[in-house]
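Novice: 3D, please:
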Amino acid sequence: MNLLSQDDCRTLLSAVEKIYSPTDIDQFPSTILAALREVLPCNTICYNEISIPESRMSWITDPVHALPGPTLREMFNLHLHEHPLITHSASPNTSRSLRISDFLSRQQFHRLALYNEYYRPMGVEYQLGTTISISERHILGIGLDRDRRDFSENERLCLDLLRPHLIQSYRNLQTLKLMVRATAGSGRRLVIVNRAGQVESINDDVWRIFARYFGRPRFHRSLPEVLLNWVKYERSRLCQESDVPSPSVPLVISKESRKIMIHFVWGGIDSDQDMIIIEEGPADVASASMDSSKLTRRETEILAWLSQGKTNAEIGLALSISPRTVKKHLEHIYSKLRVHRRSGAVARSVGL
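Specialist: Alright, predicted model coming up:
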């Protein structure tokens, strides 16, 4: 097997970036076909989704005009059992891309009814394909076709290297689709953030919600400082190896007659992304009377940490200030909220 050149590696990296670019599962087929074309030149590339119980298959081709008509599709389905790639791809744990020439000489291929009734009218002489088993009932198939030159071992290697990324991208989009469906009409919003606190996916109206409760973020596509510090703290707490962390407690922020409850969903120790779920609704009477607009941004931030049960030392560590400074801010908070102790401030902040 030949080693890939530096140019091959650059082309592969560009394709990987494109494979992860769709933000909706409906964009996946056309996006990956365009990405694969850059790496593997071909006459036609075809994407199929196969639902096994119903024997239902959907077709997408690049270029679009290469999509076979009803008569040719009928011929393909009629002689599908002759296709060597489909037969061998059905084997368990198949992860290698396959060529028709791996199993049949060109003369043997030409003797098949599948070739004469389908591939010859389509102008296909050579094919490289791979299948992806999404579940026991759902299979994706990708086939690249040429009329003049077979696919090389290096080209097979390139498709094999991209295959795990195709699988991960599709599963990511499936998960995102389920999350969006679960939050639709529920008043919940989703925000996906990376380890640097940069927003990677967000519902359209969340920036407006952030501005209402936290003020404008300091940097483009960054979480508000209060929320960013909370997310970083929760992530570091869950990543620790010396102790078993307690479950995350929602962060509750009230503003006049409204409040938001923010849930942190950890992506895992090996993940570069985490998620926060935001619920907005009317504040309770006690919470509304708190009039958090009287609090400064720093006091709102400290009160949020206080509602998580943090000590002065823990709050100071999270905000990079001294416990003495935290204590001073708490005194101002108690005075503004007309309470005398920590429990009273927490109760007012969550509307108890």
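
Novice: The spatially most central residue of the chain in helix, strand or coil?
Specialist: Compute the mean C-alpha point of the chain, and by C-alpha atoms, centre = their mean the closest residue is Asn172, 4.1 Å away. When classified by DSSP: H, G, I helix; E, B strand; the rest coil, Asn172 comes out as helix.

Novice: who touches the residue lying closest to Gly123 once chain neighbours are set aside in this structure?
Specialist: What sits nearest to Gly123 in space, not counting adjacent residues and going by C-beta to C-beta, 6 or more residues apart in numbering, is Asp147, at 5.0 Å. Backbone N, C-alpha and C define where each C-beta goes, glycine included. By C-beta atoms under 8 Å, 6 or more residues apart in numbering, the contact set of Asp147 is 43, 123-126.

Novice: Any chance of a PyMOL selection covering the buried ones in those?
Specialist: The PyMOL command for the buried members of these (criterion: 16 or more other C-beta atoms under 10 Å) is given here:
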select buried, resi 43+124+125+126
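
Novice: Show me which pair in the contacts of Asp147 is furthest apart.
Specialist: Using C-beta to C-beta, these reach their maximum pairwise distance at Gly123 and Tyr126, which is 10.9 Å.

Novice: on that earlier part again, what about the contacts of Asp147, which are in strands?
Specialist: Here DSSP state E is the test, and these give Tyr126 as lying in strands.

Novice: Take the contacts of Asp147 and write them to TSV, including pLDDT and distance to Gln27.
Specialist: Shown next, in TSV, are these (pLDDT from 0 to 100; distance: C-beta to C-beta, whole Å):
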residue	pLDDT	distance to Gln27
Asn43	96	24
Gly123	94	28
Val124	95	27
Glu125	97	31
Tyr126	97	29
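
Novice: I'd like the contacts of Asp147 laid out as JSON lines, including distance to Arg338.
Specialist: As requested, the contacts of Asp147 are arranged in JSON lines below (distance: C-beta to C-beta, whole Å):
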{"residue": "Asn43", "distance to Arg338": "77"}
{"residue": "Gly123", "distance to Arg338": "82"}
{"residue": "Val124", "distance to Arg338": "79"}
{"residue": "Glu125", "distance to Arg338": "83"}
{"residue": "Tyr126", "distance to Arg338": "80"}
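
Novice: Of the contacts of Asp147, which is the nearest to Ile209?
Specialist: Closest to Ile209, out of all of the contacts of Asp147 and judged by C-beta to C-beta, is Asn43, at 49.8 Å.

Novice: Angles on the backbone of the closest one, please.
Specialist: Main-chain torsions, Asn43, degrees, to the nearest 10: phi -70, psi -50.

Novice: just for the stretch 1-150 of the chain, where's the confidence low?
Specialist: The model of the stretch 1-150 of the chain has pLDDT under 70 over residues 1-2, 52-56, 89-94, 136.

Novice: Name the nearest residue to the residue nearest to the centre of the chain, ignoring sequence neighbours.
Specialist: Leaving aside its sequence neighbours, Asn172 sits nearest to Tyr20 (C-beta to C-beta, 6+ apart; 7.6 Å).

Novice: how about that neighbour, what does it touch?
Specialist: 165, 168-169, 172.

Novice: quick one: which of those has the most company?
Specialist: Per-residue neighbour counts (other C-beta atoms under 10 Å) across the contacts of Tyr20 peak at Ser169, which has 22 neighbours.

Novice: before we move on, back to that, separation between the residue nearest to Asn172 and Ser201?
Specialist: Here the criterion is C-beta to C-beta, to the nearest Å. By it, Tyr20 lies 12 Å from Ser201.

Novice: Let me see the ranges of the helices in the stretch 101-250 of the chain.
Specialist: Ranges of helices in the stretch 101-250 of the chain, per DSSP state H, counting those that start in this stretch, are 106-110, 113-114, 120-122, 153-183, 206-214, 225-239.

Novice: so where's the stretch 201-350 of the chain uncertain?
Specialist: Counting by pLDDT under 70, the stretch 201-350 of the chain shows low-confidence ranges at 240-248, 268-271, 284-293, 308, 340-341, 343-350.

Novice: ranges for the strands of it?
Specialist: For the stretch 201-350 of the chain, the strands defined by DSSP state E, counting those that start in this stretch occupy 251-255, 258-265, 273-282.
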